[in-house]
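*Asks:* Structure, please.
(one chain, ligands or ions: 1)
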Amino acid sequence: MKVVVVKNYKELSYRAAQLLASQIIEKKNLVLGLATGNTPIGMYKELIRRHREEGLDFYKVVTFNLDEYYGLSPEHPQSYYFFMWNILFKHINIKKENVHLLNGVTENIDKECKQYENLIQKSGGIDLQILGIGDNGHIGFNEPDISLDTRTHLVNLTAKTIRANSRFFNNAQEVPKQAITMGIGTIMRAKKIILLVNSKRKARVIERTINGPITTKVPATVLQLHNEVTIIVDQEAASQFA
Ligand code: PGA
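*Replies:* Numbering: from 1, shown residues only. Sure, this is the predicted structure:
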């Protein structure tokens, strides 16, 4: 894994946007895997700036988001559908039909998951996957467990994740207890992966991700087995290993 330590969040966002933009310029119909959460917001802002000021063109770009809360409709302000459209998609020239998010209110989870996997495959597979990391080492919503699902599936969120994500809701009770997420295999099949990590809060988990044994207790450690991972990490988060 290539580890790039940067000064702060601003630089992290800039570097990530730079890498992503260069891939879009190289391949106009790039297939992107995208993440939600606080970490990638700065990168999305920088991409919007590049679109507006430098003409970065998303017209042929295809996206697949990592996950969605189970039970939240696209109109729900905390749904990842809502997040992605507000934070990124409505500000760039991406085509609606090229944007893919899991349906959090599907009546048939199995079908929804299979369809998503098929769509990814049909699009030629994910060229570049953007990831954040949870305090507990989850990627997407693949929570620490004795075994990890490889394909897109429904997961029970851990108490730790529900607590961590309650900052986006009025209280922890409002946080959905389940989510649909790409599986570890779905993520690992991406040709390139960029993992973004900032703040002191993530220092321990990213140290374990890079140097620790590969374990399903820290799902991000499986990234050690992928041969095109770039981790962009700010100085605070790198404090345990750099
Ligand atoms: P964060 O979330 O970017 O808001 O820290 C990351 C995650 O839980 O995957």
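*Asks:* can you list the residues of the chain near the ligand?
*Replies:* Applying Cβ under 6 Å from any ligand atom, we find that the chain lies next to the ligand at 37-39, 132-134. Where you see a C-beta, it was placed from the backbone N, CA and C, and this is true even at glycine.
*Asks:* got the contact list for Ile210?
*Replies:* Contacts for Ile210 were tallied using Cβ atoms under 8 Å, 6 or more residues apart in numbering; they are 1, 3, 224, 231, 241.
*Asks:* For it, give me the pLDDT.
*Replies:* Residue-level confidence at Ile210 comes out at 98, pLDDT.
*Asks:* For PyMOL, write the select line for the buried members of the residues of the chain next to the ligand.
*Replies:* A single PyMOL command is used to select the members of the residues of the chain next to the ligand judged buried by 16 or more other Cβ atoms under 10 Å:
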select buried, resi 37+39+132+133+134
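*Asks:* Would you format the residues of the chain next to the ligand as a markdown table with distance to Val218 included?
*Replies:* Shown next, in a markdown table, are the residues of the chain next to the ligand (distance: Cβ to Cβ, whole Å):
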| residue | distance to Val218 |
| --- | --- |
| Gly37 | 17 |
| Asn38 | 20 |
| Thr39 | 17 |
| Gly132 | 14 |
| Ile133 | 9 |
| Gly134 | 10 |
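*Asks:* still on that earlier bit, and the buried ones among the contacts of Ile210, selectable in PyMOL?
*Replies:* This is how PyMOL selects the buried members of those, with burial counted by 16+ other Cβ under 10 Å:
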select buried, resi 3+231+241
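*Asks:* which of the contacts of Ile210 lies closest to Thr63?
*Replies:* The closest of the contacts of Ile210 to Thr63 turns out to be Ile231 (Cβ to Cβ; 21.4 Å).
*Asks:* Secondary structure of the closest one: a strand, I assume?
*Replies:* Yes. Counting by DSSP: H, G, I helix; E, B strand; the rest coil, Ile231 is part of a strand.
*Asks:* residue contacts, it?
*Replies:* 1-4, 194-195, 197, 206, 209-210.
*Asks:* which of these are buried?
*Replies:* 3, 194-195, 197, 206, 209-210.
*Asks:* In strands, which of the residues you listed appear?
*Replies:* When DSSP state E is applied, these are split such that 3, 194-195, 197 fall in strands.
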